[in-house]
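S.K.: fold the stuff below for me.
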Amino acid sequence: MKIAVAIPCYRVRKHVLEVIQRIPDSVYRIYAVDDACPDSSGKYIEENCTDSRVTVLYNSSNQGVGGAVITAYRQAILDGMDIVVKIDGDGQMNPQLLPHFLRPILEGRCDYTKGNRFFRLESLKDMPKTRLLGNAALSFISKASCGYWNIMDPTNGYTAIHCSVLRELPLEKIATRYFFETDMLFRLNTLRAVVRDIPMDSVYADEESNLKVTSALPEFLKKNLSRMFRRYGYSYWLRDFNIASIYSVLGVLLVGTGSVFGLAHWLQSTQSGQYTSSGTVMLAALPIIIGVQFLIAFLQYDMSRIPSEPIAPQLPGSHDEKI
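M.R.: Purely as a prediction, here's the structure:
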């Protein structure tokens, strides 16, 4: 069993050596990826780190956190790793939590684990309010776009993945910057991989985030909507056609028809000064009510189809292995 850790390195010289030092001995390989860092994080690690497990990889141009992780993923596949854990190099993720992320995968209960900072109320008190509100809002949108209605904190970067699943992902198509974690969930859903949340607390050190909320939010919304419609088309029309496909179409048609009919008669009533009859009101309201019920039925069906059977093979001896 070979466990690897991927550490994206971009302006993390202050904390990265400590992060590496705290990684458990059970880890076989550590990939530190210098993502064209202006502080030369890669050379700094090579010159100051004596851990023989560390391999420094370099991106010729800055590709964002996702691009750095994908570079480590590719190398882990080439090196025959079994599981890859992604930990940030800024000291905000506790490496000692790594066994908790590995255990569900080793026991064959899931294919991918990710952190959840919303699990305990106590862990939210130190979270900056802008991050708290932003992540809470993005969580619901991401649930709809990726199909994992059972998870929270979709932008959490503390993750672990089975390499047999990693080999099936189109790494060249995954978003390489701040949308990386959410896009990973979308891609995993297309494979019907099982994802599990791992409760964790984050440590907010003195490192400043490179994410600008005002510029990133419109991009997040746009990409989430794009993934949502792509998942809908793929899951309910291309890969499968079921009762939920009919629910969704009838729901949209009835709500749209009732809304247009009601709006047209409301405008006509406004211009003529005459009251609309109760029968006309019912003809507008009834399709909308029935259509909403169809859309709710579709949503319930979608929530019930969360992947539950792992697609990765269980690792030999995983029950007896001490992490």
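S.K.: quick one: pLDDT of the spatially closest residue to Gly91 that is not a sequence neighbour?
M.R.: Distances taken as CB to CB, 6 or more residues apart in numbering place His15 nearest to Gly91, at 3.5 Å, with adjacent residues excluded. Glycine gets a C-beta too; all of them are placed from N, C-alpha and C. What the model reports for His15 is a pLDDT of 93.
S.K.: my read: His15 touches Met93, true?
M.R.: No - taking contacts as CB atoms under 8 Å, His15 lies outside contact range of Met93: 10.3 Å.
S.K.: neighbour count winner among these two?
M.R.: Using other CB atoms under 10 Å, the more surrounded residue of His15 and Met93 is Met93, with 23 against 17.
S.K.: hang on, that one in a helix?
M.R.: No - counting by DSSP: H, G, I helix; E, B strand; the rest coil, one finds Met93 to be coil, located in no helix.
S.K.: got phi/psi on it?
M.R.: Taking degrees, to the nearest 10, you get phi -130, psi 130 for the backbone angles of Met93.
S.K.: Arg103 now?
M.R.: Per degrees, to the nearest 10, the backbone of Arg103 is at phi -60, psi -50.
S.K.: if we ignore the residues flanking it in sequence, what's nearest Met228?
M.R.: Ser145 (4.1 Å).
S.K.: give the buried residues for stretch 259-271.
M.R.: The neighbour-count check on stretch 259-271 (16 or more other CB atoms under 10 Å) flags Phe261, Gly262, His265 as buried.
S.K.: hang on, the second one packs against Met282?
M.R.: No - in this structure Gly262 lies outside contact range of Met282 using CB under 8 Å: 10.2 Å.
S.K.: look at Gly89 and give its secondary structure.
M.R.: Gly89 is classified as coil under three-state DSSP.
S.K.: distance from the chain centre to stretch 300-308, please.
M.R.: How far stretch 300-308 lies from its chain's middle: 17 Å, per CA atoms, centre = their mean, to the nearest Å.
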